[in-house]
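Chemist: 3D model of this:
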Amino acid sequence: MEKLDYKKEYPDLYLPKNKPVFLTVPAIPFLMVDGHGDPNGEEYQNSVGVLYSLSFTIKMSKMGWNQPEGYFDYVVPPLEGLWGCNDGAFAIEKRDAWCWTSMIRQPEFVTEEVFQWALAQAAKKKPELDFSKARLATYAEGPCVQILHVGPFRDEPNSLALIEKFISENHYIDDCGERRHHEIYLSDPRKTAPDKMKTVLRHPVRML
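Modeler: Below is the predicted model of the structure:
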């Protein structure tokens, strides 16, 4: 049976064009880790290690005695992040003030019981990681505007400017304050040239 690939199954969420588009994002279950500061720092790197360790523990549960009820095979979804600032709306230049939530989407069969089992298993295998901030939660994002950014992270302001223009022209209200700027990392920076990197940029909005 073919593995479920969420990127292919839901292209409106993961494979937008390189021009802004409005969408309403449904409630989705995620593994999440909250933190603060520059993503080049140790705290953020730990969060990424925790999320992947837990995600692959759950995925590979099919090989053991404790396969979750309703399990189906799937491709682990990409890393995502919610970004804001301690002193207000997200500002891309204020790296030290960033507050973030790293997260990876989970299949619908992942319950709190499955999460707790995976947490215990992953912590045994990766004792060097701090799993204390990991949690399973459903995020109902709602109305947003998104775009596919192609290029290095430092050039994201160019794509964000297109989002801001689209919001203004279509009479939406920027809601980045009540909710947070959202990024989905489709490329592995260890294997992809900076000018070929693909990142979904998603910005919360509301109607006038």
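Chemist: For the rest of this, base every contact and every neighbour count on C-alpha atoms.
Modeler: Will do.
Chemist: What pLDDT is listed against the residue positioned nearest the centre of the chain?
Modeler: Closest to where the C-alpha atoms of the chain average out (CA atoms, centre = their mean) is residue 80, at 1.6 Å. Per-residue confidence (pLDDT) for residue 80: 98.
Chemist: Give me the nearest residue to it, chain neighbours excluded.
Modeler: In space, and not counting its chain neighbours, residue 80 is closest to residue 184: 4.3 Å by CA to CA, 6 or more residues apart in numbering.
Chemist: Quick check: pLDDT value at that neighbour.
Modeler: You'll see residue 184 listed with a pLDDT of 98.
Chemist: Regarding it, what is its secondary structure?
Modeler: Of the three states, residue 184 takes strand under DSSP: H, G, I helix; E, B strand; the rest coil.
Chemist: Likewise for residue 199?
Modeler: What three-state DSSP gives for residue 199 is strand.
Chemist: same question, residue 160
Modeler: Here residue 160 is recorded as helix under three-state DSSP.
Chemist: And the nearest residue to it once chain neighbours are set aside, what's its pLDDT?
Modeler: In space, and not counting its chain neighbours, residue 160 is closest to residue 201: 7.6 Å by CA to CA, 6+ apart. Note for residue 201: predicted pLDDT of 97.
Chemist: quick one: residue 201 and residue 168, what's the gap?
Modeler: Distance, residue 201 to residue 168, by CA to CA, to the nearest Å: 17 Å.
Chemist: who has more neighbours, these two?
Modeler: residue 201 (23 against 12; other CA atoms under 10 Å).
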